[in-house]
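Novice: Got a sequence here, can you build the structure:
(4 chains)
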Amino acid sequence: MSFPLLTATAVLPAVGAVATAAVPAARRTAAKWLALLVSLATLVLAIVVMVRFDPGGARYQLTESHAWISDFGVRYELGVDGIAVALLALTALLMPFIILAGWNDADPLETGSKRWRPTQGFFALILAVEAMVIISFEATDVFLFYIFFEAMLIPMYFLIGGFGDRAHAQGEEAASTQRSYAAVKFLLYNLVGGLIMLAAVIGLYTVSGNFSLAEIAQARANGTLHMATSTERWLFLGFFFAFAVKAPLWPLHTWLPNAMQESTAPVAVLITAVVDKVGTFAMLRFCLQLFPEASKWATPTILVLALISIIYGALLAVGQRDIKRLVAYASISHFGFIILGIFAMTSQGQSGATLYMVNHGISTAALMLVAGFLISRRGSRLIADYGGVQKVAPVLAGTFLIGGLATLSLPGLAPFVSEFLVLVGTFTRYPAIGIIATFGIVLAALYTLVLYQRTMTGPVKPAVAAMPDLKARELLVVTPLIVLLIFLGVYPKPVTDIVNPAVKQTMSDVHKTDPKPAVEAAK
Amino acid sequence: MSPQLAAYATSTGEAFQFWVLGTVAVIGALSTVFMKKAVHSALSLAGTMIVLAVFYLANGAYFLGIVQIVVYTGAIMMLFLFVVMLVGVTAADSLQETIKGQRWLAVLCGVGFGVLLLAGIANASLKNFAGTGQANANGNVEGLAALIFTKYVFAFEITGALLITAAVGAMVLTHRERTERPKTQREQSEQRVRDGKHLPPLPAPGVYARHNAVDIAGLLPDGTPSELTVSKTLRDRGQVRDVSAEALGDLKALEQRSEERLERTPVEPAHFKRSEEASK
Amino acid sequence: MNAENLIALLIAAPLLGAAVLLVGGRRLDAAGHWIGTILSTTSFVFGVILFADLLGRNADDRTLMQHLYTWVPVAGFQADVTFRLDQLSMTFVLLITGVGSLIHLYSVGYMEHDERRRRFFGYLNLFLAAMLLLVLADNYLLLYVGWEGVGLASYLLIGFWQHKPSAATAAKKAFLVNRVGDMGLSIAIMLMFTTFGTFAFGPVLSHVTDASEGRLTAIGLLLLLAACGKSAQVPLQSWLGDAMEGPTPVSALIHAATMVTAGVYLIVRSGAIFNAAPDAQLVVTVVGAVTLLFGAIVGCAKDDIKKALAGSTMSQIGYMVLAAGLGPIGYVFAIMHLVTHGFFKAGLFLGAGSVMHGMNDEVDMRKFGGLRKYMPVTFITFGLGYLAIIGFPGLSGFFSKDKIIEAAFAKGGTEGWILGTCALVGAAITAFYMTRVMLMTFFGEKRWQPDEHGHEPHPHESPKVMTIPMIVLAIGSVFAGGFFSIGDRFLHWLEPITGHSEGDSPISAGVVTGATMVCLVIGVGIAYLQYGRRPVPAVAPRGSLLTRAARRDLLQDDFNHVVLVRGGEHLTRSLVYVDHTLVDGVVNGTAAGFGGLSGRLRKLQNGYARSYAVSMFGGAALLVAATLLMRAV
Amino acid sequence: MNPVYYLYLAALLFTIGATGVLIRRNAIVVFMCIELMLNACNLAFVVFSRMHGNLDGQIIAFFTMVVAAAEVVVGLAIIVSLFRTRHSASVDDASLMKL
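Specialist: Residues are numbered from 1 along each chain as shown, chains lettered A, B, ... in the order given. Below is the predicted model:
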């Protein structure tokens, strides 16, 4: 039996999480280094996965399959296609930066009880999330996926509720209340989604007698597994609802601003850049493959919702006064684009959406982490508390600007490629929706530049006058992200090569082909 | 008459016995529930159990019938009575309900459940009674023994373990481990002095009493009863009989009579404030 | 080495400069400006080498292609990084790198005292790279990259003095307005993709005839929207005036000579599409005509020398767009005017910069006057630029503008008459406002006063490093037009790319030239009467309604403010409210409902064992009932 | 007479016992009611035994008795120790089964 590479990518951070949690209270720094090393080792494994993955090969590769709960046909089945590889790489890539950015975020304020170990907990939780996200990307068994899709909520809950920004305008107590509110809101939204999905998972089992994604999809394609139209639609809705909450799609989005606002910047990145991607990824992998007809049936509604997300998220971002909230609404807008791309049912749309997931992860990480550095310096999240930072901390401002430019999809940076692909993909099938979505890019420019203008330019405010520029550790976080943004903007081919075959497969699952250009169609 | 029919139709004697004793059993059960005093409940229950023992016998369960009388009525019910003694024989429970709606709900559920059960039995096709004749051919006890030591041997062994566990459990629960050396009398008295408690021997009950019952508190000079005179167990059970009103009445009558005889004017009764009362 | 391989180096040189200067940090502060200038000049040298190579080829073999790599391959969507160097892009390359290098040189002096000079040069190099990418791209998507790239550079440079809120706001405004235009370009690309299955220049432009006219018109209008944004044409012109917040070299390079002309490039490059979509063409000419008058009127009313020049730029680009909208009759002249305008407008801006440099960064022309004595070189170069822009016979502007006016009449029919008349009127107004600028700045009495700190400006000539570029540009403004026009050199050079037709002018060329001259004289005359004969008041008079409107950019900003900014603010604010109360409220309401319900239910849990026993018993009863029912059924 | 009447009697006794559990507060009486319920079940088992003609029902009843004996032992011990600490044998005194 070959080495279970995929299992290793998930087990490594899981073991790392346990080990980190076990580090004694006094050895905080050791815990940090341990977490960092584990995340780097995971990254190495992810790179090995990427290298071993053959884009021209079988659909699912590096597969592992073991019986688990044989009574219910639940199997421990892992396998990756191009889309999963891309997201796996993204997750593994972002983790070291998240850990490095949160290096001092969870240090105990005062050295109180000897058993008090928030730092260890923080990093252990982050690694636990990594393990669960990775296995969600790899699972090809619906039940296995569901378990980790849900289990992810537990560490996330503690990360949101337990760790917040240090200084808070209304004092620690108010901050703590708001944090718990945000954490509970996050948990409730996602639990409701998850429960509905559980019902759908059970329903799927009763219909198919099987949990294996590949087998069900195969049976659907062969026609050996017939689902009544209404059954398929209900099941689809059950799955989609959970993913739409996670993604999040308007109007199920309101947990995200709260969660991102209250958590520390690295955790906010973890939420939006990594965990939420599971939702959009699952739409692509599960909704479309398992329920192709229902997906097509629901497409118009979903497209409209995605469109609303795009415009609505952007407009709300413009109206925000809190930096992190602004980024959160911007993310809602971007998730709208991703969902739009997925359900446009064109190669460009779906490749673009996958690429978008990766790029959005990197760009949001860059923007949010720099914003986190900024906030940690001034101790306020309010945009109005800043001004003229550019003068005192030019490198910080510069990196912030690049992160912002990536968010507004400036050509030459990675998000542009994906956003354009999504728009083109949508436009070829639904021109009107494509055009309206394009307004999103104008609004993106508006909220990004307004944010930059209000915080970084203008006369230097007294409160920021003594603000130090980025430190070496912070530069180490931001620089690779920016390099990656530029690289993927200039040369995204490595990713598209991996993603394209998988998208082709998905397209054939839903029996859709790209529309022909008008000129050819006329002939 | 075929054997089957014989088993099906019971003899007239048994029918008579059933109706009479059945009535007794139901009455016993009802009084178990509704008697105010636990002792009465226990006795009623014992009666019901004996009736049931007879029914067991009538149904061919000779061994069980005897066991029911010996073990259940003889041992278990006596255990109940012991506990009732410990806790207080005469203490009558108030049947006043304290939880809102509890009684109504209970009765409703009870009646509903009963009706359902009866309906269920009535609905079931219970026409064929094989009778225990064949099974008891080699003797009831032998038949049971054969089953217990073959088919049910594991259950039997486990039951044994259960009984031992129960016995040990009962001991653990009721046994109070002495964790320190018992105090000597000297130490006890020193302790008492240090705490400022009642130093002299406790007063005897029945002062000014109409009779010398132990459950009547002795009266203090001002006529109030002193609970110290009653044993602690009775006090805990709340079984101190309050006769102060009568005693005071007696006292008054006595004073009046002596005044009349001695032709004196009445004096104002003194108000005492005793530490003993304050500590109460 | 093949000439093709040099193309990428054109872009690489300034890109390298930008990277080095922006990443290099403070270590490069001392040498940064020279690095920037050298790399920009390197690019120019490459440009000249390539130009020589092109000249050595046949007229129909002057298109060089360099395929670097495949950029975004997704199914039918194939975007390559391929460069195309033909006569049209060559013209732009030379203009961009040439004028760009001169302005780099000028900036060495102009920005000498700015502590962030290194970064300024980094941005300038970034701009050059993006602009070169724009003109060298072989497909619309790559062009779009350059298109937004110059927008970014423009944003960074307008807002270079970020500590001034006005500069930061102007930069943001420029970027946003441009984004609206960019939206047009991106939709146009999508439409091309759905129509032709590609967006590379070659296949799209050669298959135009296969597509329906409706689609082509749509593409054309969307491209026009993009051009309006980038080239500050009505209705997206409002950002250009504010963009003058940037340092003057920026205004000269980006907002006069190169970037703002990108729209004209786009239209000329997509000529095949417009040729097949007459409706779109008509709209282009209308936009051009409206803008040329609009810009000219705004230019007349501004007292800020840079804003007056900005109005002029708008107006001149209006000419170009008008010409480009005329189709093959006008393409060549649009580009020719673009080049000559590049020279003289850059020269004028540099002159204005020189004036400001000597006047403590004062921009109000009412506080200038009589400067010709103090700044002779600036005066002469500015004067030559002035003569060129008003179309003084023999200078550059005369040749190029005259041709455009002729071409407008040559459009034929009523349209031709209207457009030609507009162009003529524009020429008169141009003469008026430029004369006004000239008179108010260099003639008359000195009107400057000590500022609030008591410092009286001491006007002085700028250093050589600044005057040399001005002189070079002045030479260009004088001779470029003549050089291009003699023997129709420029026409023959560009014709293979753009095509050319003479049109049928209702009036002869001579008459048009005469009319233009008359307009010129009228414009100059009125200006002289108003500003040359009478002293210029130090405080602007209230003026007529039109003047006041023109000072406010013909109320465009007010319109934007009321409709877009206010409306947008209300919209976002109400949406924030809706999100909080309605969307969140529904969810919270549900939660509260469950909370209330559970509050009721928890009363059932009173802690009494007997109570629980009742529920158990009830449950058991229900189970029995259910069992019986099942059996009954 | 049909022996099925024994079953009616068993049902009746069981119901009475159950209701008693619910309405009495004295733990000892509650316990007695439980015994009553167990006995009712035993009666039913014995009758079933007669009905089926084998002794399995009696065996079950026998086991029930044993278990009941164990239960009583432990239960009464609990009541005694409860009474020692609380001076009361009312089940309502312990209303701690809530949050």
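
Novice: List, one by one, the residues from the stretch 51-200 of chain A near chain C.
Specialist: Proximity of the stretch 51-200 of chain A to chain C, by CB under 8 Å from any CB of the partner chain, involves residues A:Leu188, A:Tyr189. Yep, even glycine has a C-beta here, placed from its N, CA and C like the rest.

Novice: Name the residues of stretch B:227-235 that come out as buried.
Specialist: B:Glu227, B:Leu228, B:Thr229, B:Val230, B:Leu234, B:Arg235 (16 or more other CB atoms under 10 Å in any protein chain shown).

Novice: quick one: which of those is nearest chain A?
Specialist: For the buried residues of stretch B:227-235, the minimum distance to chain A (CB to the nearest CB) is 48.0 Å, reached by B:Arg235.

Novice: pretty sure the closest one contacts B:Glu227?
Specialist: Yes: assessed by CB atoms under 8 Å, B:Arg235 is found in contact with B:Glu227 at 5.9 Å.

Novice: show me what contacts the closest residue to chain D within the stretch 1-150 of chain A?
Specialist: Taking CB to the nearest CB as the measure, the stretch 1-150 of chain A has A:Glu150 as its residue closest to chain D, at 25.6 Å. Contacts for A:Glu150 (CB atoms under 8 Å, 6 or more residues apart in numbering or on different chains) come out as A:Leu191, A:Gly194, A:Leu198.

Novice: same thing with A:Ala31?
Specialist: A:Thr20, A:Val23, A:Arg117, A:Thr119, A:Gln120, A:Phe123, A:Ala124.

Novice: Remind me which helix or strand the nearest residue to C:Arg269 once chain neighbours are set aside belongs to.
Specialist: Once flanking residues are discounted, C:Arg269 sits nearest to C:Leu88: 6.6 Å by CB to CB, 6 or more residues apart in numbering or on different chains. Assigned by DSSP states H and E, C:Leu88 belongs to helix C:87-110.

Novice: what separates the lowest-mean-pLDDT helix or strand in chain A from the chain centre, distance-wise?
Specialist: The weakest-scoring helix or strand in chain A, judged by mean pLDDT, DSSP states H and E, is helix A:518-522 (a mean of 75). Relative to its chain's centre, helix A:518-522 lies at 38 Å (CA atoms, centre = their mean, to the nearest Å).

Novice: which residues are contacting it?
Specialist: Residues from elsewhere that reach helix A:518-522 (CB under 8 Å, 6+ apart): A:Pro515, C:Thr194, C:Thr195, C:Phe196, C:Gly197, C:His207, C:Asp210, C:Ala211, C:Ser212, C:Arg215.

Novice: and those as TSV, adding pLDDT, secondary structure and distance to A:Tyr60?
Specialist: Output for the contacts of helix A:518-522, formatted as TSV (pLDDT from 0 to 100; DSSP: H, G, I helix; E, B strand; the rest coil; distance: CB to CB, whole Å):
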residue	pLDDT	secondary structure	distance to A:Tyr60
A:Pro515	83	coil	29
C:Thr194	89	helix	33
C:Thr195	88	helix	37
C:Phe196	88	helix	36
C:Gly197	86	coil	32
C:His207	86	coil	41
C:Asp210	83	helix	42
C:Ala211	84	coil	42
C:Ser212	86	coil	44
C:Arg215	89	helix	42
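
Novice: From the residues you listed, list the buried ones, please.
Specialist: The buried subset of these - by 16+ other CB under 10 Å - is A:Pro515, C:Thr194, C:Thr195, C:Phe196, C:Gly197, C:His207, C:Ala211, C:Arg215.

Novice: picking that back up, now the element after whichever strand or helix holds the residue of the stretch 1-150 of chain A closest to chain D, going C-ward?
Specialist: Element membership of A:Glu150 [criterion: DSSP H and E] is helix A:142-151. Using DSSP H and E, the helix or strand that follows helix A:142-151 in sequence is helix A:153-162.

Novice: So which bits of that following helix are buried?
Specialist: Neighbour-count burial for helix A:153-162, counted by 16+ other CB under 10 Å, picks out A:Leu153, A:Pro155, A:Met156, A:Tyr157, A:Phe158, A:Leu159, A:Ile160, A:Gly161, A:Gly162.

Novice: Which pLDDT value belongs to A:Asp54?
Specialist: In this model, A:Asp54 is scored at 86, pLDDT.

Novice: Surely it touches A:Tyr60?
Specialist: No: applying CB under 8 Å as the test, A:Asp54 and A:Tyr60 come out as separate, 11.6 Å apart.

Novice: and the contacts of helix A:518-522 near chain B, which?
Specialist: Among those, proximity to chain B is found for none (CB under 8 Å from any CB).

Novice: which one of those sits closest to chain D?
Specialist: When those are compared for distance to chain D (CB to the nearest CB), A:Pro515 wins out at 60.3 Å.

Novice: just checking, the closest one touches A:Phe427?
Specialist: No: using CB under 8 Å as the test, A:Pro515 is too far from A:Phe427 to be in contact (9.9 Å).

Novice: Common neighbours of these two, please.
Specialist: The contact sets of A:Pro515 and A:Phe427 overlap at C:Thr194 (CB under 8 Å, 6+ apart).

Novice: ok and the residue in the stretch 351-500 of chain A nearest chain B?
Specialist: For the stretch 351-500 of chain A, CB to the nearest CB, closest residue to chain B: A:Arg381, 51.3 Å.

Novice: swap that for chain D, sorry
Specialist: Residue of chain D nearest chain B, by CB to the nearest CB: D:Gly53 (2.7 Å).

Novice: roughly how far apart are the residue lying closest to that residue once chain neighbours are set aside and D:Phe48?
Specialist: Of all residues not flanking D:Gly53 in the chain, B:Ala130 sits nearest, at 2.7 Å (CB to CB, 6+ apart). Distance check for B:Ala130 against D:Phe48: by CB to CB, to the nearest Å, it reads 11 Å.

Novice: all helices in chain B, in order from the N-terminus.
Specialist: Taking DSSP state H, the helices of chain B run over residues B:3-8, B:12-34, B:38-58, B:62-67, B:77-87, B:102-123, B:140-148, B:153-174, B:185-195, B:232-237, B:244-262, B:275-278.

Novice: Point out the most buried one among those helices.
Specialist: Greatest average neighbour count among those goes to helix B:38-58 (a mean of 23), per mean count of other CB atoms under 10 Å in any protein chain shown.

Novice: Now do it, average pLDDT.
Specialist: 91.

Novice: Is any residue of it near chain D?
Specialist: Yes: using CB under 8 Å from any CB, helix B:38-58 reaches chain D at B:Ala38, B:Ser41, B:Ala42, B:Leu45, B:Thr48, B:Met49, B:Leu52, B:Phe55, B:Tyr56.

Novice: Report the contact partners of the fourth one.
Specialist: Under the criterion of CB under 8 Å, 6+ apart, the contact list for B:Leu45 reads B:Gly28, B:Ala29, B:Thr32, B:Met77, B:Phe80, D:Met32, D:Glu35, D:Leu36.

Novice: and the residue nearest to the second one when sequence neighbours are not counted, what is it in contact with?
Specialist: Looking back up the chat, that one is B:Ala29. In this structure, B:Ala29 finds its nearest non-sequential neighbour in D:Ile16, 4.4 Å apart by CB to CB, 6+ apart. Going by CB under 8 Å, 6+ apart, D:Ile16 touches B:Val26, B:Ala29, B:Leu30, B:Thr32, B:Val33, B:Gly110, D:Cys33, D:Leu36.

Novice: All set, thanks.
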